[in-house]
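Q: what follows is a predicted protein model with its sequence.
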Amino acid sequence: MPTFVYMTRCDGCGECVDICPSDIMHIDKKLRRAYNIEPNMCWECYSCVKACPHQAIDVRGYADFAPLGHSVRVIRDEEKGTIAWRIKFRNGKKDMELLAPITTKPWGSATPDLSRVPAPSKEMRDSQLLFNEPKYIRMDEGGLHTLESNGLEIKEGVQY
Amino acid sequence: MAYKTIIEDDIDILVVGAGLGGTGAAFEARYWGQDKKIVIAEKANIMRSGAVAQGLYAINCYMGTRFGENNPEDHVRYARIDLMGMVREDLLFDMARHVDSTVHNFEEWGLPIMRDEKKGKFLREGRWQIMIHGESYKPIVAEAAKKSADKVFNRICVTHLLMDESRENRVAGAVGFNVRTGNYHVFKSKTVICGAGGASNIFKPRSVGEGAGRVWYAPWSSGSAYGLMIQAGAKMTQMENRIVLARFKDGYGPVGAYFLHLKTYTQNAYGEEYESKWFPALQEMVGKEYLDPEVSHRTHRPIPTCLRNHAIISEVNAGRGPIHMVTMEAFQDPHLEEIGWHNFLGMTVGQAVLWAATDVDPKYENPELTTSEPYVMGSHATGCGAWCSGPEDVSPPEYFWGYNRMTTVEGLFGAGDAVGGTPHAFSSGSFTEGRLAAKAACKYIDDGKAEGIRVSEAQISRRREEIYKPLETYRVFSNEVVAGTVNPNFINPRQGLDRLQKLMDEYCGGFGVNYMTNDKLLNIGLKKMYILGQDLENVAASDIHELLRAWELKHRFLTSESVFQHTLFRKETRWPGYYYRGDVMKLDDKNWHVLTVSRRDPDTGEYTMEKAPLYHLVGDVEKAPPVEHH
């Protein structure tokens, strides 16, 4: 469902332009505000809705199958690490609020800098192992699964 | 045109397209190449790009080996039967033996993975799936890639790969343009890891008008993985193996959690079970080896996805549609109801919007299902993509040429949708493939395989001219008419896309013909494709945004042409429910228990097709059922 932008809330900051995966949120040159230039290439992914600092962007279901009068709103908060949704039905009978975590760590703090970890040994390079392995790929102390360790052989032909 | 030419030189590893595959490649490359120059070129913004931009509510590929749940070969067996035998078991085994370490990395980075409190392990949705709160899956993974990369170029539409001029069939980088500034970008690189996406929107979608963006796979998945590699002369495999999805109608909301976790099930319009009655005739078509409901009932062997589609398609054709998902039982449990909604909000918000707009409350009404238009990709329940080398310690000679995940073009590697024969990788497996490709690419450089690469000014300026040609076409011809989009000299990208979709739908087995085609239709379709190819030389772009759409269209076209060639080559109906060859309606293991491999000659555009042998590393029967730790 294509996004649209409320005239009185948008200040033309361009956050939506910067994030849209489909390159369809653009700034209108006369009004200096954002709008959806190509609704039929919109995936309703809500990336722009979540990124807008003013909640200026909303979504109206695709005209070819979604009747008017519904609402699905969202606030994503990286500091709190949560996303909060509110879904309202067209007939007003259902009004749901749903909350979910988006991360378990302070935002951006837990990804490693691999240029600073100890460099892999030659033995590691010559093996089939990847970074941080064999941690978590076995239930015991062994190395990587191989054809040999798992008693397999690879052969040509029809096999069901 | 005053667009600048911006050259980024001396790159060791260029990642083209940073979805889950590309971010995996960029991340891992830093470990094996701490002194190497790693650069990402991405069409959108890596924080929200690729198929996972919107988020995911499950990781669909996790072995749980450390919890004693599954071994890699169990997953190979599963993916093989789901794809009716046509997989690269070496690549699948390799992905599966590494994928758990990827998932545990994600958890360490902050991705909320749900736990089974009683058992202490990850909460299972199904045998291979674990449940996550994955709204920020992509930004979390992108942070890791960003830390590893020297530079991230967002908003670069990569149009072509650069080729070495000192040695034939060796990659030398890539070129493209910035979709904001319009500038021409040249990336000279020793290796390229193609993490670009599969193809949505090549077959006519069921949605019309404004809703045309509501495709199952992201509308920005423009088949660039294939477009780029095919143009460079890389061999492709299994491109006929398009996928059709049974999903909630119109919104295409996912059904995995509904089937597996909420235990919902399907029935026809009259409340009847319909699937089993189509199986006897279907068994005649594909053989008992591929469809044996009794065995599937007794063991872990799944009924292949395509065959379940076949039952839906047949039941609807018999006049007993629509097919409904029975949600009214599960949704009486408030906890399951919440999961049902979270599942959409986490990965397909549009389905929630649609139910809100149409007052469909699955607690009181069983929603409709439908089968989608076909998609061409290599990471979900299908395995289209490049013909790649496997790992040294697993692959037989026909599947191995020195470097894991390297295509048949030297120095060009693939990950995710780009790699053929590895279905059921999904997000975690795609990231894992990126990691494998990155390690191999570093080794390729360290082995001295990228020495002496030469790229001439002529190649760079030839590509520049080619890239901007649609703008030039518009400038020259648009004023010949008063106004509007109708011009006798050119078509715009939307018009070209409409023509492509109609053609694919009608001649290559889209939803409009109930997924049916035959040799005659395919040959007519190919003729029309040839003409469309000529007209795409005259595609016009009025601005930089339309230039982006023009190049996406060209990549979609190259993907589609390959799908036509492969579909014509494989003279059997291997995947009823994905597509049918009306002239050869049976599965034919005698002649077609093989992988299809193609190459398009970059100079002439001519296709050559070949059969590649299938190798197997697991038998049909699982040795022991997975151990349950209570």
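A: Yep, that arrived. On a predicted model such as this, the values are computed, not experimentally measured, just so you know. Numbering: from 1, shown residues only, chains lettered A, B, ... in the order given.
Q: so residue B:383 sits against residue B:84, correct?
A: No. Using C-beta atoms under 8 Å, residue B:383 is not in contact with residue B:84, being 10.9 Å away. From N, CA and C alone the C-beta is placed, and that goes for glycine too.
Q: the two: which has the busier surroundings?
A: Neighbour count, other C-beta atoms under 10 Å in any protein chain shown: between residue B:383 and residue B:84, residue B:383 has more, with 30 against 25.
Q: strands along chain A, start to end?
A: For chain A, the strands defined by DSSP state E occupy A:3-5, A:25-28, A:33-36, A:57-59, A:71-77, A:82-88, A:95-101, A:155-156.
Q: sheet partners, orientation included, of the second one?
A: When pairs are called by DSSP bridges, strand A:25-28 turns out to pair with strand A:33-36 (antiparallel).
Q: hey, C-alpha coordinates of the partner strand in PDB?
A: Listed next in PDB are the C-alpha coordinates belonging to strand A:33-36 (Å, rounded to 0.1, in the frame of the first residue of the first chain):
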ATOM      1  CA  ARG A  33       8.300  18.200   1.100                       C
ATOM      2  CA  ALA A  34       8.500  14.500   0.400                       C
ATOM      3  CA  TYR A  35       6.100  12.400  -1.500                       C
ATOM      4  CA  ASN A  36       5.700   9.000  -3.100                       C
END
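Q: what does it rub up against?
A: For strand A:33-36, contacts defined as C-beta atoms under 8 Å, 6 or more residues apart in numbering or on different chains pick out A:2-5, A:7, A:10-12, A:14, A:16-17, A:24-28, A:42, A:48, A:56-57.
Q: of these, buried ones?
A: A:2-5, A:10, A:16-17, A:24-27, A:42, A:48, A:56-57 (16 or more other C-beta atoms under 10 Å in any protein chain shown).
Q: out of the residues you listed, who's nearest chain B?
A: Distance to chain B across these (C-beta to the nearest C-beta) is lowest for residue A:42, with 4.5 Å.
Q: was I right about residue B:155 contacting residue B:45?
A: Yes. Counting by C-beta under 8 Å, residue B:155 touches residue B:45, with 7.1 Å between them.
Q: tell me the contacts of the residue nearest the centre of chain B?
A: In chain B, the C-alpha nearest the mean C-alpha coordinate belongs to residue B:377, at 2.6 Å (C-alpha atoms, centre = their mean). Contacts for residue B:377 (C-beta under 8 Å, 6+ apart) come out as B:197-199, B:217, B:221, B:243, B:384, B:417.
Q: can you tell me which two in those residues are farthest apart?
A: Spatially, the most separated pair among the contacts of residue B:377 is B:197 and B:243, at 14.0 Å (C-beta to C-beta).
Q: got a list of what residue 144 touches?
A: Assuming you mean chain A. By C-beta under 8 Å, 6+ apart, the residues touching residue A:144 are A:127-129, A:133-134, A:137, B:97-98.
Q: um, chain B though
A: A:111-112, B:23, B:27, B:105, B:109 are the contacts of residue B:144 under C-beta under 8 Å, 6+ apart.
Q: let's see that with 6 Å instead.
A: A:111, B:27 (C-beta atoms under 6 Å, 6 or more residues apart in numbering or on different chains).
Q: so how far is chain B from the spatially most central residue of chain A?
A: Per C-alpha atoms, centre = their mean, the C-alpha nearest to the average position across chain A is that of residue A:47, at 7.7 Å. The gap separating residue A:47 from chain B is 4 Å, by C-beta to the nearest C-beta, to the nearest Å.
Q: which positions in the stretch 401-550 of chain B make contact with chain A?
A: Residues of the stretch 401-550 of chain B that fall close to chain A, judged by C-beta under 6 Å from any C-beta of the partner chain: residue B:435.
Q: what about the residue nearest to residue B:387 when sequence neighbours are not counted, how many residues nearby?
A: Spatial nearest neighbour of residue B:387, chain neighbours left out: residue B:235 (4.0 Å); criterion: C-beta to C-beta, 6 or more residues apart in numbering or on different chains. By the measure other C-beta under 10 Å, the count of residues near residue B:235 is 20.
Q: mind checking pLDDT for residue B:235?
A: If you check residue B:235, the pLDDT there is 98.
Q: next one: residue A:64
A: 90.
Q: does chain A sit close to stretch B:238-247?
A: No. Between stretch B:238-247 and chain A, judged by C-beta under 6 Å from any C-beta, nothing touches; the nearest distance is 13.7 Å.
Q: can you get me the start-to-end distance on that stretch?
A: Chord length of stretch B:238-247, first to last residue, is 24 Å (C-alpha to C-alpha, to the nearest Å).
Q: now do stretch B:398-408
A: One end of stretch B:398-408 to the other measures 12 Å (C-alpha to C-alpha).
Q: likewise for stretch B:47-54?
A: End-to-end distance of stretch B:47-54 (C-alpha to C-alpha): 10 Å.
Q: again with stretch B:481-499
A: Taking C-alpha to C-alpha, stretch B:481-499 runs 22 Å from one end to the other.
Q: per-residue confidence averaged over it?
A: If you average the pLDDT over stretch B:481-499, you get 97.
Q: tell me how far the residue lying farthest from the centre of chain B lies from chain A.
A: Distance from the C-alpha centroid of chain B, by C-alpha atoms, centre = their mean, peaks at residue B:482 (41.9 Å). Distance, residue B:482 to chain A, using C-beta to the nearest C-beta: 23 Å.
Q: local confidence estimate at residue B:471?
A: 98.
Q: that's a helix at it, yeah?
A: Yes. Assessed with DSSP: H, G, I helix; E, B strand; the rest coil, residue B:471 lies in a helix.
Q: quick one, domains of the chain?
A: All of this is about chain A. A:3-101, A:112-150 (automatic domain parsing).
Q: let me rephrase: I mean chain B.
A: Taken from automatic domain parsing, chain B resolves into B:5-197+B:377-446, B:246-371, B:460-588.
Q: deepest of those, which one?
A: Comparing the domains of chain B on average neighbours per residue, with mean count of other C-beta atoms under 10 Å in any protein chain shown, the densest one is domain B:5-197+B:377-446 at a mean of 25.
Q: quick check: the closest residue to residue B:45 other than its chain neighbours vs residue B:338, distance?
A: Of all residues not flanking residue B:45 in the chain, residue B:154 sits nearest, at 4.7 Å (C-beta to C-beta, 6+ apart). Per C-beta to C-beta, to the nearest Å, residue B:154 is found 36 Å from residue B:338.
Q: what sits against the residue of the stretch 151-300 of chain B at minimum distance from chain A?
A: Nearest residue of the stretch 151-300 of chain B to chain A: residue B:211, at 3.6 Å (C-beta to the nearest C-beta). By C-beta under 6 Å, 6+ apart, residue B:211 lies in contact with A:62, A:64-65.
Q: near chain B, list only the ones from those residues.
A: Restricting the contacts of residue B:211 to those near chain B by C-beta under 6 Å from any C-beta leaves A:62, A:64-65.
Q: may I see the residues you listed organised as TSV, with neighbour count and distance to residue B:231 added?
A: Shown next, in TSV, are the ones next to chain B among the contacts of residue B:211 (neighbours: other C-beta atoms under 10 Å in any protein chain shown; distance: C-beta to C-beta, whole Å):
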residue	neighbour count	distance to residue B:231
A:62	27	34
A:64	15	34
A:65	20	37
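Q: nearest to residue B:311 among those?
A: Comparing the ones next to chain B among the contacts of residue B:211 against residue B:311 with C-beta to C-beta places residue A:65 closest, at 24.9 Å.
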